[in-house]
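*Asks:* Please find the sequence and the predicted model below.
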Amino acid sequence: MEERYYYVYILASQKNGTLYIGVTNNIYWRVLQHKNKENEGFTNKYNVNKLVYFESFTSIGEAIVREKNLKKWERKWKIELIEKENPCWIDLFKDLDKYIY
């Protein structure tokens, strides 16, 4: 049986800009939806579509818990988390296949 992955991700409008945290089982497709503004809502309204951070999990339960915890974090902590792994706030989407496949 093929192992399934779940992703907690952070999108930004720009460096130190508006942040959005989400969870998905298909990070490529989900971020593409945000980039193409396929859904009305927060990310569309504030142009939040730059993938700046993500984590993978094999349990949807663990991914959801992590998402909820990150959403409770202070903004400063979220920025520190992003900058620890992605100091230049590069959009990871363009090279996503290098990270997840």
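*Replies:* Structure received. Residues are numbered from 1 along each chain as shown.

*Asks:* Low-confidence ranges, this protein, go.
*Replies:* Scanning the chain for pLDDT under 70 picks out 1, 101.

*Asks:* could you pull out the helices for it?
*Replies:* 27-35, 42-45, 60-72, 75-85, 96-100 (DSSP state H).

*Asks:* Tell me which of those helices sits most buried.
*Replies:* For those, the largest average neighbour count (mean count of other C-beta atoms under 10 Å) is found in helix 27-35, namely a mean of 18. Using the backbone N, CA and C atoms, a C-beta is placed for each residue, glycine as well.

*Asks:* so who does Tyr9 touch?
*Replies:* Contact analysis of Tyr9 by C-beta atoms under 8 Å, 6 or more residues apart in numbering lists Ile21, Gly22, Val23, Thr24, Ile27, Arg30, Val31, Leu51, Tyr53, Phe54, Glu55.

*Asks:* In strands, which of the residues you listed appear?
*Replies:* Ile21, Gly22, Val23, Thr24, Leu51, Tyr53, Phe54, Glu55 (DSSP state E).

*Asks:* and of the residues you listed, the nearest to Ser13?
*Replies:* Nearest to Ser13 out of those is Leu51 (C-beta to C-beta; 12.0 Å).

*Asks:* Test my guess that the closest one contacts Leu32.
*Replies:* No - look at Leu51 against Leu32 with C-beta atoms under 8 Å: they stay out of range, at 10.0 Å.

*Asks:* which neighbours do these two share?
*Replies:* Phe93.

*Asks:* Not counting its neighbours along the chain, what's nearest Ile27?
*Replies:* The shortest distance from Ile27 to any non-neighbouring residue, by C-beta to C-beta, 6 or more residues apart in numbering, is to Tyr7 (4.2 Å).

*Asks:* Does that neighbour touch Asn25 like I think?
*Replies:* Yes - with contacts counted by C-beta under 8 Å, Tyr7 reaches Asn25, the gap being 7.4 Å.

*Asks:* So for those two, which sits in the more crowded spot?
*Replies:* More crowded of Tyr7 and Asn25, by other C-beta atoms under 10 Å: Tyr7, with 22 against 13.

*Asks:* Any idea what the more buried one is bridged to?
*Replies:* Beta bridges link Tyr7 to Thr24, Ser56 when assigned by DSSP bridges.
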